[in-house]
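1. sequence below, structure please.
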Amino acid sequence: MAKLIIPAESSEVFLNIVNQLNKKESDNCISVFINAKANNVTFIGGIYPEYMLCNAELEPGHGLKNSEFAIPRDFFINMKNLKTDYWQVNNTPHILHLSYENGRYTTVQFCLYLTKDILTKNQDYLPMDIFDLDVAHQKHIAYFKANNQRAFQRVPVTTLQYILHETQSYVPFEFIQFNGEKGELRYQRKGEVNEKMLPEHINPPLSFALTPHAATQLTQVCNNTESPDIEICIEGDAISFKSPEQSMTCILSDIELFYQRDIYKPQTMLNFLADLWALKMRNDALWKQQEIKAANQCVLFIEGNEMFICSILDHSKSFKPIATNISIEDPLLFAYCPKTLSELHIKNVLNMTQTRATLTKDKQGEYKLNIYKNLKDRLPYGSIELKPEQPKLKQYQALKRKYDETQEKRFIIQPDPSEKQGQLAFDEVVEDPYGFDED
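-> You can find the predicted model right below:
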């Protein structure tokens, strides 16, 4: 009896296939393809057409023969029950005993991987479950062959990790597309399609779209590989991911409708220039303060031809003007999340002392501050959701008056190098607070 061993490092990928088997379908089995000469075994299963594939290395001296066969779903139900009954964790090796007769493998048994203590207690009562093997499923064979013939393109895992992190900013989304050629990101949320510039650190060598399910599957492939690259293939509404350890295919239903849908254009309330560098540096400094982190809120205050980043909390008040060419009649006050602006990744922020920004309002009444990397860019580089706070306007107008009234109290001019050092000039002489008279 030969042993087919799924090593511990392949256990998670293997069990993901097991957990996808559907008892209502004809392909509720896992097909096995043994390549004895290459010391490799491939498992294929899941829900058609979104099959999953797991590759594993065979043990040295395995003694297995080239073969193709299918293991029924009931075997894996039994396997999981036995592992639970005998306190085996999932990431231990999975050992399958195969019987070979008349030139083919005919039956399979699951072999428990027990500690001496558990074996001593249960040796006389261990169950025996034997399952017949079937021929490899035709759909699995077709997937195996097609997967070897697909025109995959390599993408660095680091790039895909950046992409997956970026998708979190758009949850809940229906689709999200990363267009490496144009440097643009297109996403659909609640049936509306929007566009923006791709962040500078995301530069995929091909364009592709993801659904939430496809993003989850891609995350799994990235997390379970030691390879520096993942291979991606796009065929119509199907996207396939491939690593040395596994492959999987996801169907992007209605993807063509997403590509054809018109871009939603919200109402532009303001179009202006501002010193983004000063805004971001001040925001990042405020975000380091414990009280502001706890509140997770700062405020943009716009009045006349001035803009300010500010905050009024229980134990602190902050206020700073931002250079801008803005001009409005009625003052505006918006709260925003400083963490969002802090995480906006910009390589050349020092060059953005006069950059374009827009204030938009959508049909749901939601506001956004949209930041553009260059004055002539069609799409914003990043957007920050704004929450109107007009009832608090008088508080911030009072803070502005205090700022204006105390301007000269916030600095002291350093003496000229030619003047006597070690002394500071004050307008008023402060009397000795302790009342001592000089001799």
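2. pLDDT weak spots in the chain?
-> Applying pLDDT under 70 to the chain picks out residues 115, 120, 124, 346-352, 419-439.
3. tell me where it has helices.
-> In the chain, the helices defined using DSSP state H lie at 11-20, 73-85, 116-122, 138-149, 157-167, 212-223, 255-260, 276-287, 290-295, 338-342, 393-405.
4. so which of these is nearest Thr324?
-> When the helices of the chain are compared for distance to Thr324 using CB to CB, the nearest one is helix 276-287, at 9.2 Å. Using the backbone N, CA and C atoms, a C-beta is placed for each residue, glycine as well.
5. tell me which residues in the closest one are buried?
-> By neighbour count, with 16 or more other CB atoms under 10 Å as the criterion, the buried positions of helix 276-287 are Leu276, Trp277, Ala278, Leu279, Lys280, Arg282, Asn283, Leu286, Trp287.
6. quick check: the closest residue to the fourth one other than its chain neighbours vs Phe308, distance?
-> Setting aside the residues directly before and after it, Leu279 is nearest to Ile322 in space (CB to CB, 6 or more residues apart in numbering), at 5.1 Å. Computed as CB to CB, to the nearest Å, the Ile322 to Phe308 distance reads 7 Å.
7. more neighbours: those two, which one.
-> Phe308 (22 against 19; other CB atoms under 10 Å).
8. tell me which residues touch the closest residue to Ser247 other than its chain neighbours, please.
-> Beyond its immediate neighbours in the sequence, the residue positioned closest to Ser247 (CB to CB, 6+ apart) is Leu53, lying 4.0 Å away. Neighbour list for Leu53: Ile17, Thr42, Phe43, Ile44, Tyr143, Phe144, Asn147, Gln246, Ser247, Met248 [criterion: CB atoms under 8 Å, 6 or more residues apart in numbering].
9. now do Leu53 against Met248, distance only.
-> From Leu53 across to Met248, the span is 7 Å (CB to CB).
10. tell me how far the residue nearest the centre of the chain lies from Lys368.
-> The geometric centre of the chain, computed from its C-alpha atoms, lies nearest to His165 (CA atoms, centre = their mean), at 2.4 Å. When distance is defined by CB to CB, His165 is 21 Å away from Lys368.
11. next: Glu235.
-> Where Lys368 is concerned, Glu235 sits at a distance of 36 Å (CB to CB).
12. between these two, who's got more neighbours?
-> Residue environment comparison for Glu235 versus Lys368 gives the larger neighbour count to Lys368, 21 against 11, counting by other CB under 10 Å.
13. which residues does the more buried one form beta bridges with?
-> Listed by DSSP bridges, the beta-bridge partners for Lys368 are Thr360, Glu385.
14. ok, it - contacts?
-> Applying CB under 8 Å, 6+ apart as the definition, the contact partners of Lys368 turn out to be Pro266, Leu359, Thr360, Lys361, Asp362, Ser383, Ile384, Glu385, Leu386.
15. is it true that the fourth one touches Gln267?
-> Yes - Lys361 is within contact range of Gln267, at 4.9 Å (criterion: CB atoms under 8 Å).
16. related to what we said a few turns ago, among the contacts of Lys368, name the buried ones.
-> Among these, those buried by neighbour count (16+ other CB under 10 Å) are Pro266, Leu359, Thr360, Lys361, Ser383, Ile384, Leu386.
17. okay, these in CSV with distance to Glu343 next?
-> Below are those laid out as CSV (distance: CB to CB, whole Å):
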residue, distance to Glu343
Pro266, 22
Leu359, 21
Thr360, 20
Lys361, 24
Ser383, 12
Ile384, 10
Leu386, 16
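18. Thr106: which of those residues is nearest?
-> For the buried ones among the contacts of Lys368, the closest approach to Thr106 (CB to CB) belongs to Ser383, at 61.6 Å.
19. can you get me a residue count around Leu257?
-> 12.
20. going forward, the N-terminal residue is numbered 56.
-> OK, 56 is where the count begins now, so the last one is Leu312.
21. quick one: it and Phe230, what's the gap?
-> Here the distance between Leu312 and Phe230 works out to 9 Å (CB to CB).
22. now Ser371
-> Ser371 sits at a distance of 42 Å from Phe230 (criterion: CB to CB).
23. circling back to that earlier point, for the buried ones among the contacts of Lys423, which one is nearest Tyr242?
-> Minimum separation from Tyr242 among those (CB to CB) is found for Ser438, which lies at 11.3 Å.
24. ok, the closest one - contacts?
-> Under the criterion of CB under 8 Å, 6+ apart, the neighbours of Ser438 are Lys251, Lys423, Leu424, Asn425, Ile426.
25. in a markdown table, list these along with distance to Ser81.
-> Formatted as a markdown table, the contacts of Ser438 follow (distance: CB to CB, whole Å):
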| residue | distance to Ser81 |
| --- | --- |
| Lys251 | 45 |
| Lys423 | 50 |
| Leu424 | 54 |
| Asn425 | 51 |
| Ile426 | 53 |
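26. most widely separated two among those?
-> Lys251 and Leu424 (12.7 Å).
27. buried residues, stretch 144-158. List them.
-> Within stretch 144-158, the residues scored as buried using 16+ other CB under 10 Å are Pro148, His149, Ile150, Leu151, Leu153.
28. how about stretch 115-132: buried residues?
-> Neighbour-count burial for stretch 115-132 flags His117, Leu119, Ser122, Glu123, Phe124, Ala125, Ile126, Pro127, Arg128, Phe130, Phe131 (criterion: 16+ other CB under 10 Å).
29. could I have that stretch exported to PDB, CA atoms only?
-> Output for stretch 115-132, consisting of C-alpha atoms alone and laid out as PDB, is shown next (Å, rounded to 0.1, in the frame of the first residue of the first chain):
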ATOM      1  CA  PRO A 115      11.600  11.200  -1.300                       C
ATOM      2  CA  GLY A 116      11.300   7.500  -2.100                       C
ATOM      3  CA  HIS A 117       7.500   7.800  -2.400                       C
ATOM      4  CA  GLY A 118       7.200   4.700  -4.600                       C
ATOM      5  CA  LEU A 119       4.100   6.200  -6.400                       C
ATOM      6  CA  LYS A 120       3.300   5.600 -10.100                       C
ATOM      7  CA  ASN A 121       2.100   8.000 -12.700                       C
ATOM      8  CA  SER A 122      -1.700   8.100 -12.400                       C
ATOM      9  CA  GLU A 123      -4.900  10.100 -12.600                       C
ATOM     10  CA  PHE A 124      -8.000   9.300 -10.400                       C
ATOM     11  CA  ALA A 125     -10.700  11.100  -8.400                       C
ATOM     12  CA  ILE A 126     -11.300  10.900  -4.700                       C
ATOM     13  CA  PRO A 127     -15.100  11.200  -3.700                       C
ATOM     14  CA  ARG A 128     -16.300  14.000  -1.400                       C
ATOM     15  CA  ASP A 129     -17.400  11.500   1.300                       C
ATOM     16  CA  PHE A 130     -13.700  10.500   1.800                       C
ATOM     17  CA  PHE A 131     -12.900  14.100   2.800                       C
ATOM     18  CA  ILE A 132     -15.900  14.400   5.100                       C
END
